[in-house]
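A.B. asks: Return a 3D structure for these sequence lines:
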Amino acid sequence: MKTNMPVVTVPATDRATAALADWLIRDLTAVMLEQAGLPDPQRLRRLPTITAAHIGTPGKLRRHARALEQTLAQVERHLRAGAHLGEHGLGTASVPAVPGELLDVAADLAGTVAERGSPAAALANRAVLLAAGVIGRGLGRVDASQAWSATAGSYCATITQLWRDEPQAQVLVDPG
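C.D. replies: All right, here's what the predicted structure looks like:
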């Protein structure tokens with residue numbers, strides 16, 4: 001489904017990248033895990049806010065990456081133990097639980113942060129995809145439309161704040 005979700009464009013300053021990475025790790029990932037009924041979203045919410053200093057010195061994201069690794073390990077154990085999945089399996093071919101544009105933003109952000117030397121955003125992206133797969137298969141705590149609305153609202157709030165705080169950022173809407 002094409003939604004014309006606004007997308008933040010560069011110049012991707014450290015401050016703008018930090019705001020989006022913070023949204024991805026501490027908000028989107030936690031919301032998705034919670035809505036999918038997967039373990040420990042609160043661990044991510046308790047992490048320190050990601051700042052430009054974290055992006056400028058990716059070693060400062062070690063704590064975030066470690067928390068995401070531990071959360072993913074818990075999620076994977078939970079999913080492997082989940083007899084309720086039956087033959088459904090998990091996949092993300094047509095996951096309606098998250099707008100496609102947000103998955104694109106998360107993937108781009110994962111690459112940007114990885115280029116700076118931290119796997120944190122890529123780990124968060126992986127957790128979001130796992131949770132979206134659970135919700136998209138109807139196995140979460142909420143249905144896909146509720147997750148879709150929550151994630152879209154979360155992103156729009158983040159880019160609105162970013163647009164106010166980061167004068168060089170632009171918000172573009174794909175007219176296609």
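
A.B. asks: Can you pull out the low-pLDDT segments for the chain?
C.D. replies: Within the chain, the stretches with pLDDT under 70 are 1-11, 83-95, 169-176.

A.B. asks: Spatially central residue for it, please.
C.D. replies: Centrality entry for the chain: nearest residue to the mean C-alpha point is L24, 3.7 Å, by CA atoms, centre = their mean.

A.B. asks: Please, where are all the helices along the chain?
C.D. replies: 14-22, 29-36, 41-45, 52-56, 62-81, 100-115, 120-136, 144-165 (DSSP state H).

A.B. asks: can you list these in TSV and add mean neighbour count?
C.D. replies: Just so you know, the C-beta spots here come from the backbone N, C-alpha and C atoms, and that holds for glycine as well. Listed next are these as TSV, based on neighbours: other CB atoms under 10 Å:
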stretch	mean neighbour count
helix 14-22	22
helix 29-36	25
helix 41-45	17
helix 52-56	18
helix 62-81	16
helix 100-115	18
helix 120-136	25
helix 144-165	16
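
A.B. asks: circling back: who touches the residue nearest to the centre of the chain in this structure?
C.D. replies: For L24, the contact set (CB atoms under 8 Å, 6 or more residues apart in numbering) comprises V105, A106, L109, A110, A121, A124, N125, V128.

A.B. asks: For A152, which non-adjacent residue is spatially closest?
C.D. replies: Excluding the flanking residues, the one nearest A152 by CB to CB, 6 or more residues apart in numbering is P99, at 5.4 Å.

A.B. asks: Around the one you found, how many other residues sit close by?
C.D. replies: Counted with other CB atoms under 10 Å, the neighbours of P99 add up to 20.

A.B. asks: can you tell me how far it sits from L38?
C.D. replies: Applying CB to CB, to the nearest Å, the value for P99 to L38 is 20 Å.

A.B. asks: L129 and T160, how far apart?
C.D. replies: With CB to CB as the criterion, L129 and T160 are 25 Å apart.
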